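*Asks:* Provided below for reference: sequence and predicted model.
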Amino acid sequence: MKIRRAAERALAEHGWLRSFHTFSFADYHDPEQMGFRTLRVINEDRVQPGQGFGTHAHRDMEIISYVLDGALEHRDSMGTGSIIRPGDVQRMSAGTGVTHSEFNASKTELVHFLQIWILPERRGITPSYEQKTFASTELQSRLRLVASRDGRDGSVTIHQDAAVYATKLGSGQRVRHDASPGRHTWIQVARGVLDVNGTRLEVGDAASADDAGAFELTGVDAAEALVFDLA
């Protein structure tokens with residue numbers, strides 16, 4: 001199991017945006033940190049009130065937004081307009097090309113979210129959008145599937161052989177993820193403190209492992225985490 005500490009991430013300060021990059025992104029380039037399998041981007045973003053990402057274009061990428069605090073306003077060239085709040089998972093398939101904007105919908109509160117990019121299984125997919133809400137109780141002391149290739153169990157659908165789970169763990173609460181042979185695992189701590197197979201991980205830290213393995217996640221201090229199961 002490899003550990004990627006929060007302090008090892010790149011920090012981009014833009015005044016209106018404070019962003020930590022787990023992998024190479026924008027002006028941050030590290031040939032040793034170009035992603036993990038098909039997981040290409042994990043940015044931890046904090047956007048100031050009334051500020052945001054102006055209209056810009058993407059193509060051939062599965063983009064997932066996972067809001068931790070605040071409200072994120074989304075608009076895109078497909079005609080979608082929505083507000084994403086804690087408990088919501090947004091998926092946008094950029095495919096052949098889409099333009100969109102993301103703004104902090106509040107004039108007083110910070111918005112804090114994880115921006116996740118996953119490489120699609122093929123290029124040229126028709127752009128699409130999906131958003132689903134998962135109650136906090138659905139994540140408590142269990143691994144709740146929030147994104148998958150086939151949209152099973154009420155998860156959002158992504159165009160890649162990948163599954164994304166979310167969990168919330170109080171002190172002493174445990175969940176277990178068993179990776180099948182040939183699968184690969186990335187665990188990202190979004191909030192609090194976790195113990196993963198005996199290793200303490202704090203907010204922003206990540207653990208990864210190639211091929212099969214069992215991972216026991218134990219809450220140390222009100223933890224929230226995402227678990228990626230990748231081909």
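*Replies:* Thanks, I have the structure now.
*Asks:* so where do the helices sit in the protein?
*Replies:* For the chain, helices defined by DSSP state H occupy the ranges 136-139.
*Asks:* Relative to the top strand by length along the chain, what are the paired strands and their orientations?
*Replies:* Taking DSSP state E as the criterion, the chain has its longest strand at strand 213-230. Applying DSSP bridges, strand 213-230 is found paired with strand 162-169 (antiparallel), strand 174-179 (antiparallel), strand 184-196 (antiparallel).
*Asks:* And that strand, how far out from the chain middle?
*Replies:* Counting by Cα atoms, centre = their mean, to the nearest Å, strand 213-230 is centred 13 Å from the centre of its parent chain.
*Asks:* quick one: buried residues of that strand?
*Replies:* Neighbour counts over strand 213-230 (16 or more other Cβ atoms under 10 Å) mark 213, 215, 217-220, 223-230 as buried. For every residue, glycine as well, the C-beta is placed using N, CA and C.
*Asks:* Just name the most buried of the strands paired with strand 213-230.
*Replies:* Stretch with highest mean neighbour count among those: strand 162-169 (a mean of 24; mean count of other Cβ atoms under 10 Å).
*Asks:* which residues does the nearest residue to residue 142 once chain neighbours are set aside contact?
*Replies:* Leaving aside its sequence neighbours, residue 142 sits nearest to residue 175 (Cβ to Cβ, 6 or more residues apart in numbering; 6.0 Å). By Cβ atoms under 8 Å, 6 or more residues apart in numbering, residue 175 lies in contact with 141, 142, 143, 167, 169, 216, 217.
*Asks:* Residue 219 and residue 169 touch, don't they?
*Replies:* Yes. Residue 219 is within contact range of residue 169, at 3.0 Å (criterion: Cβ atoms under 8 Å).
*Asks:* shared neighbours of the two, which are they?
*Replies:* Counting by Cβ under 8 Å, 6+ apart, the contacts common to residue 219 and residue 169 are 192, 194.
*Asks:* Return the distance of the closest residue to residue 218 other than its chain neighbours relative to residue 171.
*Replies:* Computed as Cβ to Cβ, 6+ apart, the closest residue to residue 218 that is not its neighbour in sequence is residue 195, at 4.3 Å. Separation of residue 195 from residue 171 (Cβ to Cβ, to the nearest Å) stands at 10 Å.
*Asks:* Which neighbours do the two have in common?
*Replies:* 219, 220.
*Asks:* What pLDDT is listed against the residue nearest the centre of the chain?
*Replies:* Among the residues of the chain, residue 116 comes closest to the average C-alpha position under Cα atoms, centre = their mean, at 4.3 Å. Looking at residue 116, its pLDDT reads 98.
*Asks:* same thing with residue 193?
*Replies:* pLDDT, residue 193: 98.
*Asks:* Dump the contacts of residue 175 into TSV; add distance to residue 184 and pLDDT as well.
*Replies:* Putting the contacts of residue 175 into TSV (distance: Cβ to Cβ, whole Å; pLDDT from 0 to 100) gives the following:
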residue	distance to residue 184	pLDDT
141	25	97
142	22	98
143	16	98
167	18	98
169	22	98
216	17	97
217	17	98
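*Asks:* Now flag whichever of those residues is closest to residue 72.
*Replies:* Closest to residue 72 out of the contacts of residue 175 is residue 167 (21.5 Å), distances taken as Cβ to Cβ.
*Asks:* That closest one: what's it in contact with?
*Replies:* By Cβ under 8 Å, 6+ apart, the neighbours of residue 167 are 139, 141, 142, 143, 144, 175, 217, 223, 224, 225, 227.
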